[in-house]
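# Build the 3D model from these lines:
(2 chains)
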Amino acid sequence: MNGWILAATVTLGGGVGATVWGVATGPLGRRVVAQNLCTAFACPALLLLSQGSDRPSYVDLALVLALLGPVGTLVFARLLAEELAEDPPSAWGLTYAAAAVGAVVVLAVCVTVGPSRAMAKLLVVGVLLIGGNLVASRALSGGFPELRRG
Amino acid sequence: MADAVIVVALLLVAVSATAAVAVRDPVRQALVLAVLGVVLAVLFTVLQAPDVALSQLAVGSALTPLLLLLAVHKVKRRGRKEGRHR
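Alright, predicted model coming up:
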């Protein structure tokens, strides 16, 4: 077991574990936020796993997750718009914390990989992850009023 | 020690799957199912099956919750319409 796998285990146990607990209990707003954060923590964990087990092809999984996770959250934001309108869930502190974790992991893996095509792919994953999460959080907290009318 | 990550992923799957069964409201169930899909994909990756994880991600994180929520919406709307007719 090397440091990368250990870091992935910590991210999984701490981050994803907390979101599983958050999505299983509490009001609807908290559950939606937890679902959004679940992708934000699972994607860095996948990147760390790919680096730790020395399999660059696992980065594809993180790429797909970074792409589809925010899409799933937007589905919830669109179809639960009525229920969420009374009490828009906003957890910007947690969102920025998750984005920071993602950025740190992507940068750490990038530094290890060194300048190459793999590094460009990692940067794309990072941008998709952080951008997608910010957009999804904004949609959940009612940042796009045209979403509500639909 | 090397299997710690597998144990953590298995525990996460067990907890979220139990939660998906225990939650009664279909909308909240869809949310737990989305998380379960992601956690399952992580488990498959840890067990060295990235191709399975890929399809699990595509289906579990976006498609299943979408189908569930659309079905809930349709049933609710039909219920409202029939209530008006009566």
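
# Any idea which residue is closest to the centre of chain B?
B:L33 (1.6 Å; Cα atoms, centre = their mean).

# and the strand or helix carrying that one, does that touch chain A?
Using DSSP states H and E, B:L33 maps to helix B:26-46. Yes. Judged by Cβ under 8 Å from any Cβ of the partner chain, helix B:26-46 comes into contact with chain A through B:27-28, B:30-32, B:34-35, B:38-39, B:41-42, B:45-46. C-betas here are computed from N, CA, C, even on glycine.

# And for whichever residue of chain B sits closest to chain A, the neighbour number?
Here chain B gets closest to chain A at one residue, B:A19, 3.6 Å apart by Cβ to the nearest Cβ. Using other Cβ atoms under 10 Å in any protein chain shown, B:A19 has 21 neighbouring residues.

# What residues does it make contact with?
Counting by Cβ atoms under 8 Å, 6 or more residues apart in numbering or on different chains, B:A19 touches A:V20, A:V23, A:A24, B:V32.

# My guess is the last one contacts B:A20. True?
Yes. When contacts are counted by Cβ atoms under 8 Å, B:V32 is listed as touching B:A20 (4.4 Å).

# More neighbours: the two, which one.
Between B:V32 and B:A20, counted using other Cβ under 10 Å, B:V32 has the larger neighbour count: 24 against 20.

# For the more buried one, give me the pLDDT.
Note for B:V32: predicted pLDDT of 93.

# roughly how far apart are it and A:Q35?
8 Å (Cβ to Cβ, to the nearest Å).

# Now do the shared contacts for those two.
In contact with both B:V32 and A:Q35: A:V23, using Cβ under 8 Å, 6+ apart.

# Let me see the ranges of the helices in the chain.
No chain was given, so I picked chain A. Counting by DSSP state H, chain A has helices at residues A:3-10, A:17-24, A:28-52, A:59-79, A:81-85, A:92-113, A:117-140, A:145-149.

# Can you look at chain B instead?
Using DSSP H, helices in chain B cover B:4-22, B:26-46, B:50-58, B:64-85.

# Can you say which of these is packed in most?
Among those, helix B:26-46 has the highest mean neighbour count (mean count of other Cβ atoms under 10 Å in any protein chain shown), at a mean of 25.
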